[in-house]
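1. A predicted structure for the sequence below; I have some questions about it.
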Amino acid sequence: MTARAFTPVHIGTLELKHRIVMGSMHLNLERTDDGGAALAQFYRERALGGADLIITGGAAVSREGAGGRTYALVNEPESAPALARAVTAVHEAGGHLALQLFHAGRYAFEATFGLRPLAPSSVYSRFSRCEPEAMDEEQIQRTIADFAAGALRARELGFDAVEIMASEGYLINQFVSPLTNLRDDAWGGDAERRRRFPLAVLGAVRDAVGADFPVIVRTSGTDLMEGSSSDRELDDLAVALVAAGADALNVGIGWHESSVPTVQALVPHGHWLGVARRVREAVRAAGFEAPIVASNRVNSVPLADEALARGDADLVAMARPFLADPRIVSTSRARRLELVNTCIGCNEACLDRSFGDEPVSCLVNPRAGRELEYPPIPLPEAPAPSDEPGATASVERPGRVAVVGAGPAGLQAAATLAAAGMRVDLYEAADAIGGQFQLAGSVPGKADFLETIRYFENLLPALGVRVITGTHAAASDLVGYAHVVVATGVLPRAVHVAGAELGHVMDYRQAFAEPSAVGRRVAIIGAGGIAVDLAHLLAEADPEREITIMRRSGRIGAGIGPSTRWAVLAELRAAGVRTLTGVVYGRITADGVEITDADGALELVPGDTVILAAGQEPHVTLASELAGEGVPHTVIGGARDASGLNAVRAFDDGLRAGTAVAALLTGAAAPAR
């Protein structure tokens, strides 16, 4: 790293110690019955981990502008205690907190408070599936006043800055775009008049908080919507915002209705940095020095540092990476990158949940959002000296625990147990840890799954865990342990189709292990997440392959998170992969798979190789043996239940089981489920 990231910078009157911003994330913790305790602790841990400027999730300036029922309502008294508690927690931890002022516009949901969404024009929203009400002059003026009142309230509550949300297709962005602003009055009709609303909001906010209070505007760098604002129009808006008093611009990317992926794992790291650079160059060319913040698909401090050194931006905002690792800044600054828990861009426990009511968390860090329930895993100073492998001499440990299986559930369980003071032996039958993350890491766009393995490869030995690979642990090997956590995972589900024993038939594990052994024509039985990943891998490895994935019922890619599934399926279509559902399997022949399609027609799906990827079954052999031996044990992950299994549940199982087993052996109280 060049250390550019760790140089100080000013946003207006606010002096920051470094240039890494924790970007806004709606957490579904903003309006709860705990008085804001969970929200405050979430932010507190990030500030303790080195975050200097943290931007909250959007705080709605009015009820009709809320993105859902869990949004903070900054102008209503009931939200004040939780917001003030978050401010105090961050300040006590040495950080700064900015409140994002938010209005969803046509992206609001009428069902939230029974209020029809407001927008510049009555243009149907595919996101909220409604046609909003076109705002009249009184509603426009009232909304501007709501933003100003929210900014003043933020200052009164002790926030260090505000950020005006004017990007991602929300209300202010809707006024700017010709797609959603069809007006022909003082608020629309040409680019200059469409800029009037964001400038009016900024002016009212500035008047409310005064010249000495930092105001950031998150403005769109590109809408990624055909027929929306041009780059030139968005650059002109950026310059106008700075000229009107914005202390910094945070450059947003895309709309929720865009068909262009923006934050999914298949989007390359740093893909959008050039957009921030373009906006920065336009602002500098106009003679302004206001700092520009880049965002989206930057998941490491070294990558942010490179962007800063190139001049792409003056600060870099990362959101999901702070879910994955609250200490990402301090650990990176200490150059201990091997112990950073990297965001893998899966969206499954964060973005996908944020559009509902379930509290946001993180697949690779299941503590996220539950910091009050589960203690943190300490960052080891260094691997501790020991008189036996896996034991930390300086800590008295109550008993030795075995974890069998080093997939996601087992890795999390082992780390949780070791952090709680247990002596842990982790057994893995394969030659390396990671389980199905090893398979996922080979899929195009999923290389970051291997970063999770790297994290545990370094963390577990440093916590004193003895990792034993290439070993099938039998029940007889585990007698004498105080407890055994069984995380043996899953096996491919047997497919009862005539011909499944033929030599050109393999299961998905074999295909992932040796894709070069797969023929040119490929028939995949099954079309869930694993089958989709495998088809993606095989198509990328050989674009000439003819690949068909099929299933009896259900959607192609069912189980993949909604913010990712559409993008992955678009990639498969672009690669020419054929998808079939509603099929009835006849038999497998030397030429492929005989099926009856959804219309009742007989068809031979050609396959030089036929791959079975029709689900999974729990691997229960060891659990049954342990029960027979009377060995205390807990079964987690896919070994407990393969139905609906995903990595979110596996990591969560590991956290829960590790905490519960440690509490059982030490007599401590376990968190309530």
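-> Nice, I can see it.

2. Where do the domain boundaries of the protein fall?
-> In terms of domains, the chain is parsed into 4-354, 400-492+618-666, 505-614 (source: automatic domain parsing).

3. out of those, nearest to Leu379?
-> domain 4-354 (6.1 Å; C-beta to C-beta). C-betas here are computed from N, CA, C, even on glycine.

4. just how off-centre is that closest one within its chain?
-> How far domain 4-354 lies from its chain's middle: 17 Å, per C-alpha atoms, centre = their mean, to the nearest Å.

5. Any chance of a markdown table for the domains of the chain, columns mean neighbour count, distance to Tyr374 and mean pLDDT?
-> Output for the domains of the chain, formatted as a markdown table (neighbours: other C-beta atoms under 10 Å; distance: least, C-beta to C-beta, whole Å; pLDDT from 0 to 100):
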| stretch | mean neighbour count | distance to Tyr374 | mean pLDDT |
| --- | --- | --- | --- |
| domain 4-354 | 21 | 11 | 98 |
| domain 400-492+618-666 | 22 | 6 | 96 |
| domain 505-614 | 19 | 23 | 96 |
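
6. JSON lines for those domains, including distance to Ala368?
-> JSON lines is the format used below for the domains of the chain (distance: least, C-beta to C-beta, whole Å):
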{"stretch": "domain 4-354", "distance to Ala368": "5"}
{"stretch": "domain 400-492+618-666", "distance to Ala368": "10"}
{"stretch": "domain 505-614", "distance to Ala368": "16"}
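
7. For Glu371, find the nearest of those domains.
-> The nearest among the domains of the chain, by C-beta to C-beta, is domain 4-354 at 4.4 Å.

8. closest to Ile377 out of the domains of the chain?
-> Closest among the domains of the chain, using C-beta to C-beta: domain 400-492+618-666, at 4.3 Å.

9. what distance separates the start and the end of the closest one?
-> With C-alpha to C-alpha, to the nearest Å as the measure, the ends of domain 400-492+618-666 fall 12 Å from one another.

10. and if you look at stretch 56-72?
-> Stretch 56-72 end-to-end distance (C-alpha to C-alpha) = 10 Å.

11. do the same with stretch 246-255
-> Stretch 246-255 end-to-end distance (C-alpha to C-alpha) = 22 Å.

12. which one is Met506 nearest to, not counting chain neighbours?
-> Of all residues not flanking Met506 in the chain, Ile611 sits nearest, at 5.8 Å (C-beta to C-beta, 6 or more residues apart in numbering).

13. So which residues make contact with stretch 88-97?
-> 14, 16, 40-41, 43-48, 51-56, 86-87, 158-161 (C-beta atoms under 8 Å, 6 or more residues apart in numbering).

14. Check whether Thr548 sits in a helix, strand or coil.
-> Look at Thr548: counting by DSSP: H, G, I helix; E, B strand; the rest coil, its state is strand.

15. how close does it get to Leu29?
-> 44 Å (C-beta to C-beta, to the nearest Å).

16. Equivalent analysis for Gly644, please.
-> Counting by C-beta to C-beta, the gap from Gly644 to Leu29 is 25 Å.

17. Check Val201 too.
-> With C-beta to C-beta as the criterion, Val201 and Leu29 are 26 Å apart.

18. Ok, Phe147 next?
-> For Phe147, the distance to Leu29 (C-beta to C-beta) stands at 23 Å.

19. And for Leu83?
-> For Leu83 relative to Leu29 (C-beta to C-beta), the value is 12 Å.

20. before we move on, the earlier item: ok, now which ones touch the residue nearest to Met506?
-> 505-508, 511, 518, 522-525, 531, 534.

21. cool, and Pro543?
-> 575-576.

22. Assign it to helix, strand or coil.
-> coil.

23. and Ile588, that's in a helix?
-> No: read with three-state DSSP, Ile588 is strand and lies in no helix.

24. Contacts only, for the closest residue to it other than its chain neighbours.
-> Once flanking residues are discounted, Ile588 sits nearest to Gly499: 3.1 Å by C-beta to C-beta, 6+ apart. Gly499 is in contact with 505, 587-589, counting by C-beta under 8 Å, 6+ apart.

25. Now render those residues as TSV, adding distance to Ala66.
-> Compiled in TSV, these are given as follows (distance: C-beta to C-beta, whole Å):
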residue	distance to Ala66
Val505	53
Arg587	56
Ile588	54
Thr589	58
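
26. thought Ile468 was touching Val424?
-> No: here Ile468 lies out of contact with Val424, judged by C-beta atoms under 8 Å, at a distance of 10.8 Å.

27. got any residues that touch both of Leu83 and Leu29?
-> Joint contacts of Leu83 and Leu29 (C-beta under 8 Å, 6+ apart) are Gly36.

28. For the stretch 51-200 of the chain, which segments count as helices?
-> 80-92, 110-113, 137-157, 171-176, 191-194, 196-209 (DSSP state H, counting those that start in this stretch).

29. now what about the third one, what contacts it?
-> When you say that, I think you mean helix 137-157. So helix 137-157 is contacted by 59, 61-62, 65, 74-75, 80, 83-84, 87, 99, 101, 103, 118, 135, 162, 164, 171, 187, 197, 200-201, 204-205, 207-209, 213, 215 (C-beta under 8 Å, 6+ apart).

30. Could you tell me the angle between it and helix 80-92?
-> With axes from the mean of the first three to the mean of the last three C-alpha atoms, to 10 degrees defining the directions, helix 137-157 sits at 50 degrees from helix 80-92.

31. what are the C-alpha coordinates of helix 137-157, in PDB please?
-> Listed next in PDB are the C-alpha coordinates belonging to helix 137-157 (Å, rounded to 0.1, in the frame of the first residue of the first chain):
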ATOM      1  CA  GLU A 137     -46.100  22.600  -5.400                       C
ATOM      2  CA  GLU A 138     -47.200  22.300  -1.800                       C
ATOM      3  CA  GLN A 139     -45.800  18.800  -1.500                       C
ATOM      4  CA  ILE A 140     -42.500  19.800  -3.100                       C
ATOM      5  CA  GLN A 141     -42.100  22.700  -0.700                       C
ATOM      6  CA  ARG A 142     -43.000  20.500   2.200                       C
ATOM      7  CA  THR A 143     -40.500  17.800   1.200                       C
ATOM      8  CA  ILE A 144     -37.700  20.400   0.900                       C
ATOM      9  CA  ALA A 145     -38.600  21.700   4.400                       C
ATOM     10  CA  ASP A 146     -38.500  18.100   5.600                       C
ATOM     11  CA  PHE A 147     -34.900  17.700   4.400                       C
ATOM     12  CA  ALA A 148     -34.000  20.900   6.100                       C
ATOM     13  CA  ALA A 149     -35.700  19.900   9.400                       C
ATOM     14  CA  GLY A 150     -34.000  16.500   9.300                       C
ATOM     15  CA  ALA A 151     -30.600  18.200   8.900                       C
ATOM     16  CA  LEU A 152     -31.200  20.500  11.800                       C
ATOM     17  CA  ARG A 153     -32.400  17.600  13.900                       C
ATOM     18  CA  ALA A 154     -29.200  15.700  13.100                       C
ATOM     19  CA  ARG A 155     -27.100  18.600  14.300                       C
ATOM     20  CA  GLU A 156     -29.100  18.900  17.500                       C
ATOM     21  CA  LEU A 157     -28.700  15.200  18.100                       C
END
